[in-house]
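Asks: Here is a sequence with its predicted model. Questions after.
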Amino acid sequence: DLAMVPSWMGDWEIAGRVSTVPEITTRGRKETVSFVLDSHSVWRNGQREQVRGKVQVFLHHPGRAIRWGDQVSLRGTLEVPSGARNPHSFDYATHLKRRGIFKVFRGVGHSSVFRLGAGSRNWFLVTLGHVRMDLAKRLEALFPDPYAALASALVLGFRRNIPQEILDDFIRTGTAHILAISGLNIVLIGKLFYAAGRFFRIGRFWNLIFTVLVIWFYTILAGGDIPVLRAGMMGTMVLGGLLLGQEQNLRSVFFLVFFALLALDPGSLFLPSFQLSFVAVASLLFVL
């Protein structure tokens, strides 16, 4: 288990598969590529050791394109993530631990990535990851900063490049939730494509099937975080009920999706994104 491997500030070599879409953050002239690595081996004292575990990776100016699913070997430092420095402040170590991540890897420069290969991977998910990154680059070409960063957050779920002063403005005005992809985005996408199907006189059955496929395509394209998964699953259940001719029952759909996500990942119950997403929807269904 990689969590049991001791850390030091010397050079490490670690190998594994890129398991999330790499996100590029730019601050002035500093460029950082971050992703989660499913590690399978490390090199210590000239010897290779088999390990298993997730690592949060930060590469500064790697100079090479890294994509989801790539098999990579990295050189840099392996650290234990730092905890909260002040009472009631954000605890980064606990945040990573809830995602099953116990180590942070940092590399600098072109030499930090010394082997890069495609490896075996799911072609559909890989293609979606490539499309997501290409769309983010397209938005950067279409809009100047900071509008490109806002568009990437609203459409694709990339939020790291939003300037801190703009994030603070959203927080102060109580509208920070707009930057998180959730039910609003799924409803807009679903209604847009369902209306397009009706405009082109597609039959109701096939129009509903088409809309469900579009919803799941966008759910995965947007990163598949818990709020997006919750919204995508609820939208699918509602449309599935319409296909079966059943009366719409959002409360039943709510609990079905709640327990389905817990069955997929019981640890998500302790994630703030899971708690806030379902509390917000429960407030709409049972209070308002």
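Replies: Right, received. Where do you want to start? Numbers count the residues shown, from 1 in each chain.
Asks: ok, now which residue in the chain is the farthest from the centroid?
Replies: In the chain, counting by C-alpha atoms, centre = their mean, residue 201 sits farthest out from the average C-alpha position, at 35.5 Å.
Asks: Now do that residue against residue 208, distance only.
Replies: 14 Å (C-beta to C-beta, to the nearest Å). Glycine gets a C-beta too; all of them are placed from N, C-alpha and C.
Asks: nearest residue to residue 151 other than its sequence neighbours?
Replies: residue 139 (4.7 Å; C-beta to C-beta, 6 or more residues apart in numbering).
Asks: what helix or strand is the one you found on?
Replies: Element membership of residue 139, judged by DSSP states H and E, is helix 123-142.
Asks: What are the buried residues along the helix or strand following that helix?
Replies: Next along the chain after helix 123-142, taking DSSP H and E as the criterion, comes helix 147-156. Buried residues in helix 147-156, counted by 16 or more other C-beta atoms under 10 Å: 148, 149, 150, 151, 152, 153, 154, 155, 156.
Asks: just stretch 211-221 next, same as before
Replies: For stretch 211-221, by 16+ other C-beta under 10 Å, it's 211, 212, 214, 215, 216, 217, 218, 219, 220, 221.
Asks: where does the second one land in three-state SS?
Replies: It stands for residue 212. Per DSSP: H, G, I helix; E, B strand; the rest coil, the secondary structure class of residue 212 is helix.
Asks: Pretty sure it sits against residue 236.
Replies: Yes - between residue 212 and residue 236 there is a contact under C-beta atoms under 8 Å: 5.5 Å.
Asks: hang on, the earlier thing: make TSV out of the buried residues of helix 147-156 and add pLDDT and distance to residue 36.
Replies: Output for those, formatted as TSV (pLDDT from 0 to 100; distance: C-beta to C-beta, whole Å):
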residue	pLDDT	distance to residue 36
148	90	24
149	88	22
150	90	25
151	90	24
152	89	19
153	87	19
154	87	23
155	87	22
156	87	17
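Asks: same for whichever helix or strand residue 74 is part of, what does it pack against?
Replies: Secondary structure assigned from DSSP H and E places residue 74 in strand 71-79. With contacts taken as 3 or more C-beta pairs under 8 Å, 6 or more residues apart in numbering; DSSP states H and E, strand 71-79 sits against strand 8-18, strand 30-44, strand 47-60, strand 101-108, strand 113-117.
Asks: what's the closest of those strands to residue 190?
Replies: Each of these has some distance to residue 190 by C-beta to C-beta; the shortest is strand 30-44, at 29.1 Å.
Asks: quick one: that closest one to strand 71-79, angle?
Replies: Strand 30-44 and strand 71-79 meet at an angle of 90 degrees, taking axes from the mean of the first three to the mean of the last three C-alpha atoms, to 10 degrees as the criterion.
Asks: same for strand 30-44, what does it pack against?
Replies: strand 8-18, strand 23-27, strand 47-60, strand 71-79.
Asks: how does it look with 7 Å?
Replies: Counting by 3 or more C-beta pairs under 7 Å, 6 or more residues apart in numbering; DSSP states H and E, the packing neighbours recorded for strand 30-44 are strand 8-18, strand 23-27, strand 47-60.
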